[in-house]
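# here is a sequence together with a model predicted from it:
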Amino acid sequence: MIASAAAQDDLPVWINSEIESQSDRLAALYGLPRMPIMNLQYTAEGHTAGVRIIEAEAEADLIRVHFQGDWTQESDAARQDVVRNLAHELAHVRQYASGLPVEPRFWHEGFAEAMAIEALDQCGAPCGGAPAALLRSREQQCGEALRSGYLSGRTDNDAVYGCGAIFVLAVAKASDSSVIDLYGSFAATDRSEAAMLALVQERAGRPFGLSARRFLKSDYRLVPAPQTIRDLRRGKL
Ligand SMILES: [Zn+2]
């Protein structure tokens, strides 16, 4: 791994070693041909004690991560934040293997977060990303998004990271494929919502496909969100 030190403050040593070991594990799970360059920055000043912020973005061969706030103390929660973020950004790098990721934000982020949850689940204890808890927090976020009306065309964080990830994971399970394989098929289309729904029907069957279409295009404000998500997974919306 190449870590370029463009930091305003020295990155805590534990973060560097965490990123080094976890990026190797995750890159292997994603089948990345080579490790992207990691541009890691750290700004401790100007933030409230105990508050941790990560801002990150990825390109084809580069990940930029800006740690801000109180990262000096190594803890399970802080390590979890690091590995979850890394899994998400490496998923974006993986997306570039299927060409420029020109899909709408809902699919771009939804697929990346679903890939991250899948990879952390496959990795298990060595990654320590607590994917089951991550999935629950995405379900809650999706519940918030469903309370604001239908999902089609949405770009807000609750919709894309919450429902986008939940939707993609549900489709992968119903079509008995990995999220990475599903993304590869999606990337071969025009990457629109219509193309995704056609792919869902082709891979998971017509009843599931119709149910998935309703999940995106119907208004579930009056239905308890856990029920809507459960019915999506069963293909019974
Ligand atoms: Zn992202």
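Nice, I can see it.

# and after the helix or strand harbouring A87, which helix or strand comes next?
Per DSSP states H and E: A87 is located in helix 76-95. Under the assignment DSSP H and E, the closest C-terminal helix or strand after helix 76-95 is helix 105-123.

# next helix or strand past that following helix?
Following helix 105-123 in sequence, per DSSP H and E, is helix 131-146.

# show me what the helix holding A87 is packed up against.
Helix 76-95 is packed against helix 13-30, strand 52-58, strand 62-69, helix 105-123, helix 179-187, with contacts defined by 3 or more Cβ pairs under 8 Å, 6 or more residues apart in numbering; DSSP states H and E. (Glycine included, C-beta is placed from N, CA and C.)

# residues contacting the nearest residue to H92 once chain neighbours are set aside?
Leaving out its chain neighbours, the residue that sits closest to H92 by Cβ to Cβ, 6 or more residues apart in numbering is A58, at 3.7 Å. Contacts for A58 were tallied using Cβ atoms under 8 Å, 6 or more residues apart in numbering; they are 36, 64, 89-90, 92-93.

# confidence score at A58?
Predicted confidence (pLDDT) for A58: 97.

# quick check: it vs the ion, distance?
Applying Cβ to the ion, to the nearest Å, the value for A58 to the ion is 7 Å.

# bridged to that residue, which residues?
I63 (DSSP bridges).

# for this structure, which residues are neighbours of the ion?
Residues of the chain lying close to the ion by Cβ under 5 Å from the ion are 109, 112.

# where does the chain have low pLDDT?
Under the criterion pLDDT under 70, the flagged ranges of the chain are 1-8.

# recalculate using a threshold of 90.
Applying pLDDT under 90 to the chain flags the ranges 1-10, 33, 44-50.

# now do the contacts for the residue nearest to the spatial centre of it.
In the chain, the centroid-proximal residue (Cα atoms, centre = their mean) is E113; its distance is 1.1 Å. Counting by Cβ under 8 Å, 6+ apart, E113 makes contact with 88, 91, 138, 161, 164-165, 168.

# and F186, how many neighbours?
Using other Cβ atoms under 10 Å, F186 has 22 neighbouring residues.

# these two touch, right, T48 and G69?
Yes: at 7.1 Å, T48 counts as touching G69 under the criterion of Cβ atoms under 8 Å.

# show me which of these two is the more surrounded one.
Between T48 and G69, counted using other Cβ under 10 Å, the more crowded position is G69 (18 against 8).

# so what's the more buried one up against?
With the criterion set at Cβ under 8 Å, 6+ apart, G69 makes contact with 43-44, 47-48, 51-53.

# next one: A195 from Q201, what distance?
Applying Cβ to Cβ, to the nearest Å, the value for A195 to Q201 is 11 Å.

# er, I37 I mean
Distance from I37 to Q201, by Cβ to Cβ: 40 Å.

# neighbour count: these two, which is higher?
Q201 (17 against 14).

# show me how this protein divides into domains.
For the chain, automatic domain parsing gives the domain ranges 3-98, 105-234.

# what sits against the spatially closest residue to H88 that is not a sequence neighbour?
Closest residue to H88 apart from its sequence neighbours, by Cβ to Cβ, 6+ apart: A116 at 4.4 Å. Under the criterion of Cβ under 8 Å, 6+ apart, the neighbours of A116 are 84, 87-88, 90-91, 129, 134.

# the ion: which of those residues is nearest?
H88 (5.5 Å; Cβ to the ion).

# distance of the residue nearest to H92 from I37?
Taking Cβ to Cβ, one finds A58 at 11 Å from I37.

# and D24, by the same measure?
From D24 to I37 the distance is 15 Å (Cβ to Cβ).

# equivalent analysis for L197, please.
Taking Cβ to Cβ, one finds L197 at 36 Å from I37.
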